[in-house]
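Peer 1: Next comes the sequence, and after it the predicted model I'd like to discuss.
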Amino acid sequence: MTRVLIADDHPLFRTALKQALGACVRSLDLYEAEDLDQTRALLADGPDFDLLLLDLHMPGSNGLAGLAGIRCEFPGVAVVVVSANDDPGVIRRALDFGAAGFIPKNSKLDLLAEALEAVLNCRTWVPTHLQRSVIAMDRNDDTALATRIARLTPQQFRVLEMVADGKLNKQIADRLGIQERTVKAHMSEIFGKLEVRNRTQAGVAFRRLQLVDPAMRIDH
């Protein structure tokens, strides 16, 4: 039995993914989520998933932040990014932050099935016509940042998210149900692991994970 979680807020695309999965997986146990909170809850409390299909721009995902957080909290789950943003730079960054593959949302059904079959057989998959551009991309500091973020515990990643959102230590403590001194201890660990000096620098590092939703772009 192959257990797959589709995390996407667009019902039509979830349906397309289900059809593609049905074409390449004989015994399938399928779950769906519409936002990052539902995704995390299912990963934490549901069965052991073999594969997560993750939309970078669904509610709560904040671009690559959702991917990085899931890879930190649930490292045993293979994650394939599905996105309308097929910019080679975005694909390169998604792979650097732990994605096992990248599926553009404009892919036809047969290509979706090809991609899913490849990933389920433990192969990294990127559309053939984009592979050369992705390999050629300048990775900048993403590899180093991905390595640093991977050092964080799941709780430290959640603290970092709230720091980047401007939350104070007391607010973070109340949200997580822990003491303020525990938040301060987490912050010290976060600074060391991210190699930053203060909350501002930590927040800047986290915000580098965010992406512009292609649906929000304005063509001139």
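Peer 2: Looks like it arrived, so ask away. Residues are numbered from 1 along each chain as shown.
Peer 1: what's near enough to touch the residue nearest the centre of the chain?
Peer 2: Geometric centre of the chain, nearest residue: residue 67, 1.3 Å, by CA atoms, centre = their mean. Going by CB atoms under 8 Å, 6 or more residues apart in numbering, residue 67 touches 54, 56, 61, 79, 81, 94, 97-99, 209. Bear in mind the C-beta positions are built from the backbone N, C-alpha and C, glycine included.
Peer 1: which one of the residues you listed is nearest residue 137?
Peer 2: Nearest to residue 137 among these: residue 94, at 11.2 Å, using CB to CB.
Peer 1: give the contact list for that closest one.
Peer 2: So residue 94 contacts 56, 64, 67, 81, 83, 102 (CB under 8 Å, 6+ apart).
Peer 1: change it to 10 Å
Peer 2: The neighbourhood of residue 94, defined by CB atoms under 10 Å, 6 or more residues apart in numbering, consists of 54, 56, 63-64, 67-68, 79-81, 83, 85, 100-102, 126, 134, 142, 211.
Peer 1: Mind checking which of the contacts of residue 67 land in strands?
Peer 2: 54, 79, 81 (DSSP state E).
Peer 1: Can you turn the buried part of those into a ChimeraX selection?
Peer 2: Those of these that count as buried under 16 or more other CB atoms under 10 Å are selected in ChimeraX with:
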select :54,79,81
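Peer 1: Of the contacts of residue 94, grab the buried ones for PyMOL.
Peer 2: Applying 16+ other CB under 10 Å to these, the buried members can be selected in PyMOL as follows:
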select buried, resi 54+56+63+64+67+68+79+80+81+83+85+100+101+102+126+134+142+211
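Peer 1: Give me the distance between residue 209 and residue 99.
Peer 2: Taking CB to CB, to the nearest Å as the measure, residue 209 and residue 99 are separated by 13 Å.
Peer 1: Give me the domain ranges for this structure.
Peer 2: The record's domain parsing of the chain by automatic domain parsing lists 2-136, 151-207.
Peer 1: between the ones you listed, which gets the lowest average pLDDT?
Peer 2: Among the domains of the chain, domain 2-136 carries the lowest mean pLDDT, a mean of 89.
Peer 1: What's the end-to-end length of it?
Peer 2: Distance across domain 2-136, first residue to last, is 34 Å (CA to CA, to the nearest Å).
Peer 1: Verify the stated contact: residue 65 with residue 158.
Peer 2: No: using CB atoms under 10 Å as the test, residue 65 is too far from residue 158 to be in contact (11.2 Å).
Peer 1: picking up where we left off before, quick one: the residue nearest to the centre of the chain and residue 22, what's the gap?
Peer 2: In terms of CB to CB, residue 67 sits 25 Å off from residue 22.
Peer 1: ranges for the helices of this protein?
Peer 2: For the chain, the helices defined by DSSP state H cover 11-24, 36-45, 64-73, 88-96, 109-120, 128-136, 142-150, 154-164, 169-176, 180-194, 199-207.
Peer 1: Put the alpha carbons of the shortest one into CSV.
Peer 2: What follows is helix 169-176 as a C-alpha-only set of coordinates in CSV (Å, rounded to 0.1, in the frame of the first residue of the first chain):
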residue,chain,number,x,y,z
ASN,A,169,9.0,35.9,23.2
LYS,A,170,5.9,36.0,25.4
GLN,A,171,3.6,35.6,22.4
ILE,A,172,5.7,32.7,21.2
ALA,A,173,5.6,31.0,24.6
ASP,A,174,1.8,31.4,24.8
ARG,A,175,1.3,30.0,21.3
LEU,A,176,3.5,27.0,21.9
